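Visitor: Using only what follows, build the 3D model:
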Amino acid sequence: MLLNILLLIIGFILLIKGADAFVDGASSTAQNFKVSKMLIGLTIIAFGTSAPELAVSISALASGSTDMLLGNVIGSCILNILLILGIAALIHPIKIRSNTVKKELPLCMLISTLLAVLFLDMSLGDGAPNQISRADGIVVILFFLVFLYYLITLAKQKKEENKKEKPKYGLGRSMLFIALGLAGIIIGSEMVVQNASSIAMEIGMSERVIALTVIAFGTSLPELVTTIVASRKGEQDLVVGNIIGSNIFNICIVLGVPVAIFGAVTPASFQMVDIVMLVASSALLFIFAVSTRRINRIEGALMIALFAAYYTYIVLA
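Guide: Here you go, the predicted model:
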């Protein structure tokens, strides 16, 4: 176990250093191309930091661990909003753009609700066991194509007002920072997940609890560290774009692609509270954003408190 703890620490160091380079590279890339930092957050950062979730989900479903797949996706989405955005708001209140409130947040909430409906469709119909079918996987992938269409229209919009801002690095160096930073994030998160899982299994935790806690937290470490670094650097569009894009990517691709490839999954031990929290976290973020166009420190603390209450429940239950 001592070796696992040592490798865990090394993984965290790689994550932190990788995230720092990743955020700087992404921000400079946006300035070089003179595109919105929100677009960079929704694409390069969101998809890049979700790479560990995709790898874990494909591996889990290939080995028949359905609870690991669903716990990874659902747990990561809940953690992204309640914990990661909550921490970011505590560091620095987050301003939400009007366009984000009108388009990106409703889309994120719609896709979260869609997953809940697909998850419960059999119970809502005839009381049969809940499952995510291959057809359900294809449906969420199609919704991701709608999201991609939105990103294309966003990229075609006029360049943002701060287009004269001088990039911190040239384009070549910015792309290098993105590549090196992402490599550090992925390798570091893999080290953290593997060693944290080993420690958890030695303690005797169940697969559902490990999936919703250790795996979900471990695979969300890229989003967590990247968001904290971006928040400290004042890159608030990167913070919000990262979380929204990551959650959409998690549901549509991290869940949809493995299910479309390997077929239906029927969870063995998932509970209604997990699905309720998934939808509630997205709704709470939307309510905070609509009411004041920002997430202040008090709201961030409330999100963290709700996250702590939920995870205390699932561990003790």
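Visitor: Which residue ranges of the stretch 151-300 of the chain form strands?
Guide: With DSSP state E, counting those that start in this stretch as the definition, the stretch 151-300 of the chain shows strands at residue ranges 294-295.
Visitor: which residues sit in contact with the spatially closest residue to Leu8 that is not a sequence neighbour?
Guide: Among residues not flanking Leu8 along the chain, Asn195 sits closest, at 4.5 Å (Cβ to Cβ, 6 or more residues apart in numbering). C-beta here means a position set from N, CA and C on the backbone, and glycine is covered the same way. The neighbours of Asn195, taking Cβ atoms under 8 Å, 6 or more residues apart in numbering as the test, are 4-5, 7-8, 11.
Visitor: pLDDT wise, what is Asn195 at?
Guide: The score at Asn195 is 76. That number is its pLDDT.
Visitor: Now restrict the contacts of Asn195 to buried residues only.
Guide: With burial judged by 16 or more other Cβ atoms under 10 Å, the buried subset of the contacts of Asn195 is 4, 7-8, 11.
Visitor: quick one: the closest residue in space to Val192 that isn't next to it in sequence from Leu154, how far?
Guide: In space, and not counting its chain neighbours, Val192 is closest to Gly11: 3.9 Å by Cβ to Cβ, 6+ apart. Distance of Gly11 to Leu154, computed by Cβ to Cβ, to the nearest Å: 34 Å.
Visitor: Ok, Leu221 next?
Guide: In terms of Cβ to Cβ, Leu221 sits 27 Å off from Leu154.
Visitor: who's more crowded, those two?
Guide: Neighbours were counted for Leu221 and for Leu154 using other Cβ atoms under 10 Å; Leu221 has more, 24 against 17.
Visitor: my read: the more buried one touches Gly188, true?
Guide: Yes - counting by Cβ atoms under 8 Å, Leu221 touches Gly188, with 7.4 Å between them.
Visitor: State the pLDDT value of the residue most central in space within the chain.
Guide: For the chain, the residue nearest the mean C-alpha position is Ser246 (3.8 Å; Cα atoms, centre = their mean). Looking at Ser246, its pLDDT reads 87.
Visitor: quick one, what contacts it?
Guide: For Ser246, counting by Cβ under 8 Å, 6+ apart, the contacting residues are 46, 49-50, 76, 80, 223.
Visitor: Make TSV out of those residues and add secondary structure, neighbour count and distance to Val229.
Guide: Formatted as TSV, these follow (DSSP: H, G, I helix; E, B strand; the rest coil; neighbours: other Cβ atoms under 10 Å; distance: Cβ to Cβ, whole Å):
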residue	secondary structure	neighbour count	distance to Val229
Ala46	helix	24	15
Thr49	helix	30	11
Ser50	coil	25	17
Ser76	helix	30	19
Asn80	helix	27	15
Glu223	helix	32	11
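Visitor: ok, Phe249 - how many residues close by?
Guide: Neighbourhood size, Phe249 [other Cβ under 10 Å]: 25.
Visitor: isn't it right up against Ile45?
Guide: No - contact criterion Cβ under 8 Å: Phe249 and Ile45 do not qualify, at 10.7 Å.
Visitor: which residues in the stretch 201-317 of the chain form helices?
Guide: 207-210, 216-219, 221-232, 236-249, 256-262, 272-292, 297-316 (DSSP state H, counting those that start in this stretch).
Visitor: just the ones you listed: most buried one?
Guide: The highest average neighbour count among the helices of the stretch 201-317 of the chain, using mean count of other Cβ atoms under 10 Å, belongs to helix 236-249 at a mean of 28.
Visitor: That one vs helix 272-292, what angle?
Guide: 150 degrees (axes from the mean of the first three to the mean of the last three Cα atoms, to 10 degrees).
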